[in-house]
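Q: Predicted structure and sequence below. I'll ask about it afterward.
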Amino acid sequence: MKKLAFLLVLALELAVGGCGTTPPNPVITTSINGLWEAKMLGGTGEASELGFTATLIPENSGPLNISTFAFFNQGTCFDNGLNEERVTGRADFTTNPGTDLVTGSLNLTVTSVNPSGNTLTLISPEGGLTGISTGTITTTGTLTNGVAVGTWTLSNNSNNAACQGTGNFIMCQGTATCSAP
């Protein structure tokens, strides 16, 4: 009798436990492909003049595939040319399926080859990357009007004060004007 009672309670719990659950929201894969422009704000001297463009290709989370990169104002801290910088990064973001709003984070590191040892690090914290996902409403989309804001640090291994500093940055996707959200 105890076994039967136990099985009835177990069956009841399984039946009740399944009630009221909602199907999970669809996962939307959003790509942030495109040309991005970054402007450094703050700092002094050479460090305050940095700005660049880059083509970024991630989807939702993971390492960035940076297919192009070029400083438009590198000062003496970086040499602008093919293979003159090593650029790595990561983006982690999600798309709200109800509003198509994209939020997340973006980190980027630019290390000079010549001159050697200068490193520019950009950190856009969670919520610092925003935009709208357009495309197929159910599962795929492309980020438009993307903006990343955060902090930057320029350091070097030679104690060159001209190539050291910190400040804020704004990075915009394919727009003529770049303004914080």
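A: Okay, I see it.

Q: Cys163 contacts Asn156, correct?
A: Yes - Cys163 lies in contact with Asn156 (CB atoms under 8 Å); the separation is 4.7 Å. Every residue, glycine included, has its C-beta placed from N, CA and C.

Q: so what sits against both of these two?
A: 77, 118 (CB atoms under 8 Å, 6 or more residues apart in numbering).

Q: more neighbours, these two?
A: Counted by other CB atoms under 10 Å, Cys163 and Asn156 do not tie: Cys163 has more neighbours, with 24 against 19.

Q: distance of that one from Ser67?
A: 26 Å (CB to CB, to the nearest Å).

Q: for Ala91, same thing?
A: Taken as CB to CB, the span from Ala91 to Ser67 is 14 Å.

Q: who has more neighbours, those two?
A: Ala91 (24 against 11).

Q: The helix or strand that one falls within pairs with which strands, and in what direction?
A: Secondary structure from DSSP states H and E places Ala91 in strand 85-95. The strands beside strand 85-95 in its sheet (DSSP bridges) come out as strand 61-63 (antiparallel), strand 101-112 (antiparallel).

Q: How far off centre is it?
A: Computed by CA atoms, centre = their mean, to the nearest Å, the chain-centroid distance of strand 85-95 equals 5 Å.
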